[in-house]
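Colleague: Sequence and predicted structure are below.
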Amino acid sequence: MDERVIATLVGIYRSAFDELVQRLVRAVERGTDTAFLHAQLIDVMQLLSELDAEAQRWIGQHLPEAYRAGQHAALQSLQDAGAVSPRLTASFAGVHRTAVELLADNLASDLSEATALVGRRVQDVYREIALQTAAQMKATGTLARQGARDMRDELVSRGLTGFVDGAGRRWRLDDYADMTIRTTVIEAGNLGRVNQLADTGHDLVRMTEHHPTCPICAVYQGRVYSVSGADPRYPALYETAFSRGYNIVHPRCGHSVAPYIEHLADDPERDRERSAAPFDVDPRSQRQRDAYEAGQRRKRQLRQDRRQWERYMLVLPDETPTFSGFRRMKKANSRRWQDLQAAYRESRAAA
């Protein structure tokens, strides 16, 4: 699937998240205004409702595309190898339709659960604002600006991290949506390939291989698997690489499976030997491990820069450039970057 298609929905969630935080910041700064708080809360809940509806539309249109792309890729590989008739076409009935519907339902449910939890978190924050400002007004007759600033800074730095996944990791709404959408799209493609191969009576698949890769995927990539588990010469796909109940090694994994036709392989004996190797040894060289860690550091820096940019956008929306421009001037430590830093510190101190 074209990255731009995925980025469209991810971008909607990211924009919605930014809008939610901005509304909460405004609510903190005007905490004594009960009517304003009530109106803001209504708007926020409407925004979350619209977000769910937009996700449903996207899922209904694009997730079947990802699955069918997997089907067609598998079928094309078999046809190129002369393993099936060139006139054979992919079906989208029976097990294929059921598989797509299940993936779509799960994705919609995961995203809806996340927005619902964020909605409850938003209501809790608004309730906290109302109680805090009421207590301050009763005690002092005025709203303590320091208390409002502290709450605002917490929201900006921590975000709406109310969603906790099964592993106990706390997620922002936009990050969770990004991970879930991308993971499901990849899974749809893999499932389309596997089911299409089953339709044509082909049981063996090879997992793609690329470097650098993570320590989880390193032990699975490049091997040949038996989808059914009936071929004892190869590991069973759903007892090893896909043993976690998904058609993917781990969330956001970039690996996919493709048909493996044994009699057309360059070295079938070597493929069998490699595929039967133990799964508990990381086969990567030190150089490959170092390259992977370097890539992870770049990604962490990117995330940190984005969080910083978001904080600047909330405090200085007119002075802060686009994210790419922000990163460029920060890296160059330009005069404009130094001026922006000074303005940000002054604005926070005056809040």
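Modeller: Sure, I can see it. The structure displayed is predicted, hence computed values, not measured ones.

Colleague: For the protein, which helix or strand comes out least confident on mean pLDDT?
Modeller: Of all helical and strand segments in the chain, the minimum by mean pLDDT, DSSP states H and E falls on helix 145-158, at a mean of 55.

Colleague: and residue 211, what helix or strand is that in?
Modeller: Of the helices and strands defined by DSSP states H and E, none includes residue 211.

Colleague: let's number from 17 now, not from 1
Modeller: New numbering, starting at 17: the last item is residue 227.

Colleague: who's in contact with the closest residue to it other than its chain neighbours?
Modeller: Take residue 227 and drop its neighbours on the chain: the residue closest to it by C-beta to C-beta, 6 or more residues apart in numbering is residue 304, 5.4 Å away. (C-beta placed from N, C-alpha, C; glycine too.) If a contact means C-beta atoms under 8 Å, 6 or more residues apart in numbering, then residue 304 has 227-229, 234 as its contacts.

Colleague: swap in residue 35?
Modeller: Neighbouring residues of residue 35 by C-beta under 8 Å, 6+ apart: residue 63.

Colleague: swap in residue 265?
Modeller: Contacts of residue 265 (C-beta under 8 Å, 6+ apart): 232-233, 236, 257-258, 271.

Colleague: Repeat that for residue 227.
Modeller: Contacts of residue 227 were listed using C-beta under 8 Å, 6+ apart, and they are 300, 304, 307.

Colleague: from the residues you listed, which is closest to residue 17?
Modeller: Within those, the smallest distance to residue 17 is 26.6 Å, found for residue 307 (C-beta to C-beta).

Colleague: and that closest one, what helix or strand is that in?
Modeller: Secondary structure assignment for residue 307, by DSSP H and E: helix 302-331.

Colleague: Likewise for residue 142?
Modeller: helix 111-156.

Colleague: what about that helix, distance to the chain center?
Modeller: Centre-to-centre, helix 111-156 and its host chain are 17 Å apart (C-alpha atoms, centre = their mean, to the nearest Å).

Colleague: which helices and strands does it pack with?
Modeller: When contacts are defined as 3 or more C-beta pairs under 8 Å, 6 or more residues apart in numbering; DSSP states H and E, helix 111-156 packs onto helix 19-45, helix 50-96, helix 161-174, strand 179-180, helix 189-215.

Colleague: can you rerun that using 6 Å?
Modeller: Contacts defined by 3 or more C-beta pairs under 6 Å, 6 or more residues apart in numbering; DSSP states H and E place helix 111-156 against helix 19-45, helix 50-96, helix 189-215.

Colleague: most tightly surrounded among those?
Modeller: Among the helices and strands packed on helix 111-156, helix 189-215 has the highest mean neighbour count (mean count of other C-beta atoms under 10 Å), at a mean of 23.

Colleague: and that one with helix 50-96, angle?
Modeller: 20 degrees (axes from the mean of the first three to the mean of the last three C-alpha atoms, to 10 degrees).

Colleague: Output the contacting helices and strands for helix 189-215.
Modeller: Short answer (3+ C-beta pairs under 6 Å, 6+ apart): helix 189-215 packs on helix 19-45, helix 50-96, helix 111-156, strand 273-275.
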